[in-house]
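Undergrad: What follows is a predicted protein model with its sequence.
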Amino acid sequence: MKIHFIAIGGSAMHNLALALAHKGYAITGSDDVIFEPSKSRLEKKGLLPETFGWFPEKIHRDLDAVILGMHAKPDNPELLKAQELGVTMYSYPEFLYEQSKNKTRVVIGGSHGKTTITSMILHVLNYHDREVDFMVGAQLEGFERMVHLTEENDFIVLEGDEYLSSPVDRRPKFHLYQPNIALLSGIAWDHINVFPSFENYVEQFQIFVDSIVKGGSITYNEEDLEVKKVVEASENTIRRLPYQTPEYTVDNGQTLLVTPEGPMPIEVFGKHNLSNLAGAKWICQNMGIDEDDFYEAIATFKGASKRLEKIAEGKNNVAYKDFAHSPSKVAATTKAVKEQYPNRTLIACLELHTYSSFNPEFLKEYKGALDAADVPVVFYLPESVAIKKLEAVSAEQIRDAFERDDLEIQTNADKFKDFVFSQNFDNSVLLLMSSGNYGGLDLEALKVAIES
């Protein structure tokens, strides 16, 4: 098949391109800018566009399909040419469904935890040499790509993102997968630029639960009251399988999971990750992995990339970075680190980076999110607010939102770097939380400072 990608450089899009090339498809693509690591990975496989930009002449009737990425605009010249010629066009999730409509589809949804849960499931299946197709939103240890597609595998495991499908398809991605086996981990308002009210956001999860194939199942976190309400209110004829956070203890910086065979040390930590683990266990059991085999495999799971990822460790100090940026994720991550290291000073640095985090109304959702930190820090760049064409936010607004009078607020990349490097790392934990890059903070130099 001949497939052309409009906006091939995105994290998800370039992985799908690599997966289809691996499957034997003829792949072409365009983009106006491609960053690392997408650029090198595409180049290595001969898929990097020779020239950046949009070229309508790349679109012709010999193409079997065009896949449209979110990075493209509705007036993209290649998109307009494809529409004019009537070339078959798919959004990313539409194409994944086309590739998997004859498989058992396992879809992991939720405002938080979905990447980690999907990663846990894939780690366990890989550990036991169970071959499945998959799509996950992070690079995993032991996996070459974030997307893998075959003709022969019976199962496909999909991370179910609630964000929009494409510039011309405003449906959330996870509405298109029609799962046979689904999981819902939690609901906490996010993406307010797309879902302007909490009620509107919750409705997307109601549609997701109703989209599960009749006779299928929903494994859900019953400790999340909104999830419980949505699942139990659905009239879909599906099996409902609730899960809760399993018992665990923390001993001298080591989390021990309570199992039928006794306490078992695990690499991940924090209540939210233990809850994720419980959800992953039930999904794996639905896929034919028994409990003992699950425990054996999960003991070696070190986490998904950028999810509580340890970046440095000295004799009595340690540093982590995490993708956390939404209020619920920030609160859960900060609490988890403090619980793991209760006797160390926790320096928690949050970069406000997203559209939502600069909205004055949404900012209030961060109330208490950094309460577990001994040294709470918020960093943001006023130019990021300007680029998003939003009204400026003040330090006072941020301090009021978090309700921490001692909140350190940094608005300059160089001064933030100086502040971080000036900290006393003796008997401490440094936690960096952002979906950005902390204003270009040199993590290698930071590693040296912490480990020296």
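TA: Sure thing, it's come through.
Undergrad: Spit out the contact partners of L63.
TA: 2-4, 87-88 (CB atoms under 8 Å, 6 or more residues apart in numbering). Yep, even glycine has a C-beta here, placed from its N, CA and C like the rest.
Undergrad: So which of those wins on neighbours?
TA: Counting neighbours by other CB atoms under 10 Å, H4 leads these with 24 neighbours.
Undergrad: Pull the distance from stretch 410-419 to the chain's centre.
TA: 27 Å (CA atoms, centre = their mean, to the nearest Å).
Undergrad: hey, C-alpha coordinates of it in CSV?
TA: Extracted C-alpha coordinates of stretch 410-419, given in CSV (Å, rounded to 0.1, in the frame of the first residue of the first chain):
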residue,chain,number,x,y,z
GLN,A,410,10.5,31.9,38.7
THR,A,411,9.8,33.6,35.3
ASN,A,412,13.3,33.7,33.7
ALA,A,413,15.1,30.5,32.4
ASP,A,414,18.6,31.6,33.5
LYS,A,415,17.4,32.6,37.0
PHE,A,416,15.5,29.4,37.3
LYS,A,417,18.6,27.4,36.4
ASP,A,418,20.6,29.4,39.0
PHE,A,419,17.9,28.8,41.6
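Undergrad: start at 6 instead
TA: Done: numbering now begins at 6, and the last item shifts to stretch 415-424.
Undergrad: Other residues contacting it?
TA: Contacts for stretch 415-424 (CB under 8 Å, 6+ apart): 354, 382-387, 400, 413, 443-447.
Undergrad: residues of it that come out buried?
TA: Neighbour-count burial for stretch 415-424 flags 415-416, 418, 421-422, 424 (criterion: 16 or more other CB atoms under 10 Å).
Undergrad: Can you show me the strands along the stretch 306-455 of the chain?
TA: Assigned by DSSP state E, counting those that start in this stretch, the strands in the stretch 306-455 of the chain fall at 314-318, 322-327, 350-356, 380-384, 413-415, 433-438.
Undergrad: Would you format those strands as TSV with distance to S124 and mean pLDDT included?
TA: Converted to TSV, the strands of the stretch 306-455 of the chain look like this (distance: least, CB to CB, whole Å; pLDDT from 0 to 100):
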stretch	distance to S124	mean pLDDT
strand 314-318	12	91
strand 322-327	14	94
strand 350-356	23	97
strand 380-384	27	96
strand 413-415	32	95
strand 433-438	19	96
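Undergrad: Relative to N281, which of those is closest?
TA: Checking the strands of the stretch 306-455 of the chain against N281 by CB to CB gives strand 322-327 as the closest, at 13.6 Å.
Undergrad: ok and the closest one relative to strand 433-438, angle-wise?
TA: 10 degrees (axes from the mean of the first three to the mean of the last three CA atoms, to 10 degrees).
Undergrad: Strand 322-327: partners in the sheet, and parallel or antiparallel?
TA: For strand 322-327, the pairing partners within the sheet under DSSP bridges are strand 314-318 (antiparallel), strand 433-438 (parallel).
Undergrad: pLDDT-wise, which helix or strand of the protein ranks last?
TA: helix 387-392 (a mean of 81; mean pLDDT, DSSP states H and E).
Undergrad: list the buried ones in that one?
TA: Those would be 389-390, for helix 387-392 by 16+ other CB under 10 Å.
Undergrad: Among the buried residues of stretch 415-424, which one lies nearest to E204?
TA: Of all the buried residues of stretch 415-424, E204 sits closest to T416, with 33.7 Å by CB to CB.
Undergrad: that's a strand at I161, yeah?
TA: Yes. Applying DSSP: H, G, I helix; E, B strand; the rest coil, one finds I161 inside a strand.
Undergrad: Name the residues linked to it by a beta bridge.
TA: Counting by DSSP bridges, the residues bridging with I161 are R110, D138.
Undergrad: was I right about it contacting K106?
TA: No. Under the criterion of CB atoms under 8 Å, I161 makes no contact with K106, lying 9.9 Å away.
Undergrad: What are the boundaries of the helices in the stretch 356-457 of the chain?
TA: 365-368, 387-392, 400-407, 418-426, 448-456 (DSSP state H, counting those that start in this stretch).
Undergrad: Next, format the strands of the stretch 306-455 of the chain as a markdown table and append distance to K219.
TA: Converted to a markdown table, those look like this (distance: least, CB to CB, whole Å):
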| stretch | distance to K219 |
| --- | --- |
| strand 314-318 | 40 |
| strand 322-327 | 38 |
| strand 350-356 | 43 |
| strand 380-384 | 47 |
| strand 413-415 | 52 |
| strand 433-438 | 41 |
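Undergrad: Quick one, which of these gets closest to D229.
TA: For D229, the closest of these is strand 322-327, at 20.0 Å, according to CB to CB.
Undergrad: which residues sit against that closest one?
TA: Counting by CB under 8 Å, 6+ apart, 311-318, 334, 338, 342, 346, 349, 430-439, 448, 451-452, 455 sit against strand 322-327.
Undergrad: cutoff 6 Å now
TA: 313-317, 338, 430, 433-438, 455 (CB atoms under 6 Å, 6 or more residues apart in numbering).
Undergrad: Check stretch 78-94 too.
TA: 11, 35, 59, 61, 64, 66, 68, 70-71, 73, 77, 172-173.
Undergrad: And the strands of the stretch 306-455 of the chain: which comes nearest I197?
TA: Closest among the strands of the stretch 306-455 of the chain, using CB to CB: strand 350-356, at 17.6 Å.
Undergrad: Show me how the protein divides into domains.
TA: Following automatic domain parsing, one finds the domains of the chain at 7-92, 100-303, 314-456.
Undergrad: model confidence over the second one, on average?
TA: The average pLDDT within domain 100-303 is 95.
Undergrad: now do the shortest one
TA: For domain 7-92, the per-residue pLDDT values average out at 96.
Undergrad: cool, stretch 335-342 as well?
TA: What stretch 335-342 shows for mean pLDDT is 95.
Undergrad: starting at the chain centroid, how far to it?
TA: With CA atoms, centre = their mean, you get 16 Å for stretch 335-342.
Undergrad: check contacts around the residue lying closest to L127 once chain neighbours are set aside.
TA: Once flanking residues are discounted, L127 sits nearest to F139: 5.7 Å by CB to CB, 6 or more residues apart in numbering. Residues near F139 by CB under 6 Å, 6+ apart: 127, 153, 162.
Undergrad: Which one of I161 and K106 is surrounded by more residues?
TA: I161 (26 against 11).
Undergrad: That one contacts T109, doesn't it?
TA: No. Using CB atoms under 6 Å as the test, I161 is too far from T109 to be in contact (7.4 Å).
Undergrad: Does A143 touch T120 like I think?
TA: Yes. Between A143 and T120 a contact is recorded at 5.1 Å, counting by CB under 6 Å.
Undergrad: before we move on, back to that, dump the buried residues of stretch 415-424 into JSON lines; add distance to P201 as well.
TA: Listed next are those as JSON lines, based on distance: CB to CB, whole Å:
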{"residue": "Q415", "distance to P201": "30"}
{"residue": "T416", "distance to P201": "27"}
{"residue": "A418", "distance to P201": "31"}
{"residue": "F421", "distance to P201": "31"}
{"residue": "K422", "distance to P201": "36"}
{"residue": "F424", "distance to P201": "35"}
